[in-house]
Structure formats: structure tokens, C-alpha cells
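Colleague: Sequence and predicted structure, then a few things I'm wondering about:
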Amino acid sequence: MKHNHNNARSAGLQLKPVGFEFTHPTTTTVCVAGTFNDWHPATKAMHPSGNGHWRAACKLLLLCLFFTGACARGGPIVIGYTNCLAVTNYSQSLMNQIGQLNWFFAHASVGDCMVAGIASLHGRNTNYYQLKSVPEDGIPPATTQTGVIYEYMRGNPGWQAKFDSFQTYVTNGWRFPMVNMAMNKLCFIDPTASLSYYLNSMLVLESAYPETVFVYTTMPLTTTNSSWDNYLNYNNYLRNVYNDGLRAWVRTNNRVLFDIADIEAHDTNGTLCTFTYSNRVCQQQCASYSSDGGHPNAPYAEQMLATGFYALAGTLFTVDRDGDGVSDGQELIAGTIPTDSRSVFKFTTYTTVTPGAFVLQWNSNSNRFYTLQRGTLIAPVSYTNLLVAAPATPPMNTYTDLPPKNGPFFYRVSVQQ
């Protein structure tokens, strides 16, 4: 998407040299260029203030948006079996981006199967499947790393205690800026769980911590010959009622869903495993996936569930739910809110402090690092590093530059976790 700047120049307007970038050490640069005092991607031409040297350095700026791929606008994110199959066709570039995110995952024994799948995939191809799991508890460490699923095997209290304890873990710090995503999973022993209680609990967290993506999950299923259920079909029927209600709510309210049950309910050929109860066609875990009828502990099932983490993170890099021109995944790295178009990574102010010297400021967030560059606008384009991987100083990072007089120049800032 390119904007013609000729009309602005012919009208005598001069543009402010500002660049925004979302970059990762191993991925293609994603750049947004705009003006100091516009919400991006607005790029309205403005008369610059300041002295004549600043004006001379601002004679030309191409207003443009560069993306590694088109982003879908709005809508829910639902990750099921079909999405997991697609992961093997992801580009290395997308897998590198996925490796820049991190998670908190509270679970019990089915979660152990999912974590085993993460380890299996990573061991098979560490360069492609970059996510690793690290065992943790309900309180985060002092620092966290990218590419890690921090998993807490919290056991199996009652369903309500699982929801309540997850709120406690998040309040303890398992959220932005320590992790990008937080996920809490019920077990198949919770068929009577209240969906409304779950939704209300998650809504409270989303309201309090909007920079974090809270991932909803369906309830795991059992096989029809499970040794875990006294009322096999009835309990799976209850799980299906819960899951179908959750799926409908997520789609209506544009949330993010990791559909564990849908993954469990497709066999190695992609055939849906079902049964009928009270005239309702219900999903069940495929019999070949479990040695005990409950835990999806067959290697194929574990790895397929693990690919759900990649499918979900990969989708975040291809959607833009708030329509601000930046994908949800890039917003998580920048520390902005993926569902609020007013929350953007941008230069906020500039100030002339002495003739030819300028103070640049941009909004910053904890656990992020910033690289600031000055670029030439005359070919061949070259960049001078002013800051490299500078730590955040929330809420603003500040830098004073005294550029040479052989402009014009522009500035760009990039962020990584």
C-alpha cells in the first residue's frame, strides 16, 4: 500500500521523518511509516516545526506500509484439527515469529500429554519447532524467555477451583509483560463445569489485563469405552454441550479458542469420531489416541495437540483484529493491545533542544528492547544505529540526536522481546 507524496510536495508541505518497525532477529522487517502526531497508519502531511535545519532534513518522506503478508481483519480465532494440519506447511519465517512469543499454561494430566507433544516436536526439528516447555508454578520467575510455554501442572481440584486459581496465577504476574498468552485447561473429569462461570472469570481477566491474549479452551473428551467414566455417553454428552456453547460464544464475541476437543475427535485420517446421545451427534476422543480412554497419550495425538500452540500463534501473525494495520502477534511483541486500534507502537513527541538537536520519544513496555536508527532518504539508503537493543524505560524511552547537516534523514525504531 503506497501513498503518493507528490501532491503534498507540490502544495509546499513538508513531512516529518518518522518510521515505526516491528522486527525480530530472524524475521523480515515489518515497517510502518507515519507522522509524529497521528495514530498510525494515518499519514497526514504536516508543516514541521523547528529550525531551518530540521526543515531541510524533512523534504521527502515516502508514506508507506510494508507487511510480510496480508492480515485478515477482525473475527474470532478458533484453532481446531484442520488448523493443526496446516502447521507443517508454515514458512520458516512464520515459525521464527512464533518463536518470539511465550505462554503460561495451567493444566492437569491431559496437559501433560500436550506438553509431551511439544517436547517431541522440538526434538524432531529444533529449528522448525522452536517452542519449548518449562515447568513452573503459580508465581512467575523474575524474568521470562521467548519461545517458551511455562506450564504449571496444578493438579485436579474441582472445576470452580481451577477457574479461581487461574485468576490468582494471572494476578500473581502470569500475564503481560511476563508472557504474551495465558491459557487454563479443564480436564475430562469436569463434565458438570459451569460455562457461564468460566466466561465471567475470563472476562474479568481480559478487562484487567488487555495486553494479554487469554486463550479459551474446550473441555477434553473421553472415548466411549473409557475407564474414567461411569456414565460414558452421558458425561461426553455434557462435555459436548459445554464445548458447543463455548464455541458459539467465542465466535459471537471474537475471542481466541484452542479447540482441544476437536483435535482429539479427528483420527489419523481426519475422520470425525462421534456418537449419538439424546438425538444429538457428539464428538468423542478417537479410541486409538488413548491407552486408558481418557488421556490422549498416543504419540500422534500428543503431537497433533502440540501443533495447536503453533497454529494459534501463527494465526495471530496473520490477523489484525483491531484493524490498525499491525497483526495481533506483532502487537504482542510490541506490548500494545491487539484489540484496541488506539493502542499503537509509535513515536509520541519530538522536541528541539538546541539548534539541530532533537529529543525523540516513543512509548515503551517492560521486557522489551528497542533499536533506534537514523536513515538517509537519498540513495543509496543507509542506516546509523543510535541505540541497539536498549532496555525499556516505561512508559517512555527517550533519545537525543544531533544529526549531521548533510540530510535529509528519517528515524525508525524497532522492538523485540
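Modeller: Alright, I've got the coordinates.

Colleague: rest of the way, CA atoms for contacts and neighbours
Modeller: OK.

Colleague: And A334, how close does it get to R239?
Modeller: To R239, A334 is 37 Å away according to Cα to Cα, to the nearest Å.

Colleague: One more: T143?
Modeller: 37 Å.

Colleague: Compare those two and say which is more crowded by neighbours.
Modeller: R239 (27 against 9; other Cα atoms under 10 Å).

Colleague: List the residues that contact that one.
Modeller: 188, 191-192, 219-221 (Cα atoms under 8 Å, 6 or more residues apart in numbering).

Colleague: going on from whichever strand or helix holds it, what's the next piece of helix or strand?
Modeller: Following DSSP states H and E, one finds R239 within helix 232-253. Sequence-wise, the next helix or strand downstream of helix 232-253 (DSSP H and E) is strand 256-258.

Colleague: avg pLDDT for the helix or strand just after that following strand?
Modeller: Next along the chain after strand 256-258, taking DSSP H and E as the criterion, comes helix 260-264. Per-residue pLDDT values over helix 260-264 give a mean of 98.

Colleague: Next: stretch 190-202.
Modeller: 98.

Colleague: list the buried ones in that stretch?
Modeller: Residues of stretch 190-202 classed as buried by neighbour count (16 or more other Cα atoms under 10 Å): 190-191, 193, 198, 201-202.

Colleague: quick one: that stretch to chain centroid distance?
Modeller: Centre-to-centre, stretch 190-202 and its host chain are 24 Å apart (Cα atoms, centre = their mean, to the nearest Å).

Colleague: Stretch 340-358 now?
Modeller: The answer for stretch 340-358 is 26 Å, by Cα atoms, centre = their mean.

Colleague: just stretch 373-393 next, same as before
Modeller: 26 Å.

Colleague: And for that stretch, what's in contact with it?
Modeller: So stretch 373-393 is contacted by 60-61, 364-372, 407-413 (Cα under 8 Å, 6+ apart).

Colleague: what comes up buried for it?
Modeller: In stretch 373-393, counting by 16+ other Cα under 10 Å, buried: 373-377, 391-392.

Colleague: And the residue nearest the centre of the protein?
Modeller: G329 (3.7 Å; Cα atoms, centre = their mean).

Colleague: Next, work out how far apart it and G99 are.
Modeller: In terms of Cα to Cα, G329 sits 11 Å off from G99.

Colleague: try A287
Modeller: 33 Å.

Colleague: And those two? Which one has more around it.
Modeller: G99 (23 against 20).

Colleague: which ones among the buried residues of stretch 373-393 are found in helices?
Modeller: Judged by DSSP state H, the subset of the buried residues of stretch 373-393 located in helices is empty.

Colleague: Adding pLDDT and distance to R255, write those residues out as a markdown table.
Modeller: Below are the buried residues of stretch 373-393 laid out as a markdown table (pLDDT from 0 to 100; distance: Cα to Cα, whole Å):
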| residue | pLDDT | distance to R255 |
| --- | --- | --- |
| Q373 | 92 | 36 |
| R374 | 91 | 39 |
| G375 | 90 | 39 |
| T376 | 86 | 42 |
| L377 | 82 | 42 |
| P391 | 94 | 32 |
| A392 | 93 | 30 |
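
Colleague: State the next helix or strand along the chain beyond the one helix or strand Q330 maps to.
Modeller: Assigned by DSSP H and E, Q330 belongs to helix 328-334. As assigned by DSSP H and E, the chain's next helix or strand after helix 328-334 is strand 347-354.

Colleague: Check which helices and strands that following strand sits against.
Modeller: On a contact count with 3 or more Cα pairs under 8 Å, 6 or more residues apart in numbering; DSSP states H and E, strand 347-354 meets strand 357-363.

Colleague: Next, the angle from the strand it packs on to strand 347-354.
Modeller: 160 degrees (axes from the mean of the first three to the mean of the last three Cα atoms, to 10 degrees).

Colleague: Run me through the strand neighbours of strand 357-363, direction for each.
Modeller: strand 347-354 (antiparallel), strand 396-401 (antiparallel) (DSSP bridges).

Colleague: Reformat those strands as CSV; add distance to Y81, mean neighbour count and mean pLDDT.
Modeller: CSV is the format used below for those (distance: least, Cα to Cα, whole Å; neighbours: other Cα atoms under 10 Å; pLDDT from 0 to 100):
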stretch, distance to Y81, mean neighbour count, mean pLDDT
strand 347-354, 41, 16, 78
strand 396-401, 42, 15, 93
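
Colleague: okay, those strands in JSON lines with distance to A311 next?
Modeller: Shown next, in JSON lines, are the strands paired with strand 357-363 (distance: least, Cα to Cα, whole Å):
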{"stretch": "strand 347-354", "distance to A311": "32"}
{"stretch": "strand 396-401", "distance to A311": "33"}
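
Colleague: if we can go back for a sec, please list the outside residues in contact with the helix holding Q330.
Modeller: Residues contacting helix 328-334 (Cα under 8 Å, 6+ apart): 22, 100-101, 180, 211-212, 313, 316-321, 337-339, 344-345, 365, 368, 415-417.

Colleague: Swap in 7 Å and give it another go.
Modeller: 22, 180, 316-317, 319-321, 337-338, 345, 415-417 (Cα atoms under 7 Å, 6 or more residues apart in numbering).

Colleague: how distant is that helix from the center of its chain?
Modeller: Per Cα atoms, centre = their mean, the centroid offset for helix 328-334 relative to its chain is 6 Å.

Colleague: on that earlier part again, pLDDT of the helix holding R239, averaged?
Modeller: Helix 232-253 comes out at a mean pLDDT of 95.

Colleague: Could you do stretch 119-130 as well?
Modeller: 98.

Colleague: what's the span of that stretch from first residue to last?
Modeller: First residue to last in stretch 119-130 (Cα to Cα) measures 10 Å.

Colleague: So which bits of that stretch are buried?
Modeller: Buried-residue list, stretch 119-130, by 16+ other Cα under 10 Å: 119-122, 128-130.

Colleague: Might you quantify the distance of it from its chain's geometric centre?
Modeller: 20 Å.

Colleague: quick one: contacts of it?
Modeller: Contacts of stretch 119-130 (Cα under 7 Å, 6+ apart): 92, 95, 99, 131-132, 147, 303.

Colleague: one more time with 8 Å, if that's ok
Modeller: With Cα under 8 Å, 6+ apart, stretch 119-130 has contacts from 92, 95-96, 98-99, 131-133, 147, 303, 306.

Colleague: per the record, what domains does this protein have?
Modeller: Structurally, the chain divides into domains by automatic domain parsing as follows: 2-69+341-416, 72-317.

Colleague: Distance to G325 added to these, as CSV?
Modeller: Formatted as CSV, the domains of the chain follow (distance: least, Cα to Cα, whole Å):
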stretch, distance to G325
domain 2-69+341-416, 6
domain 72-317, 9
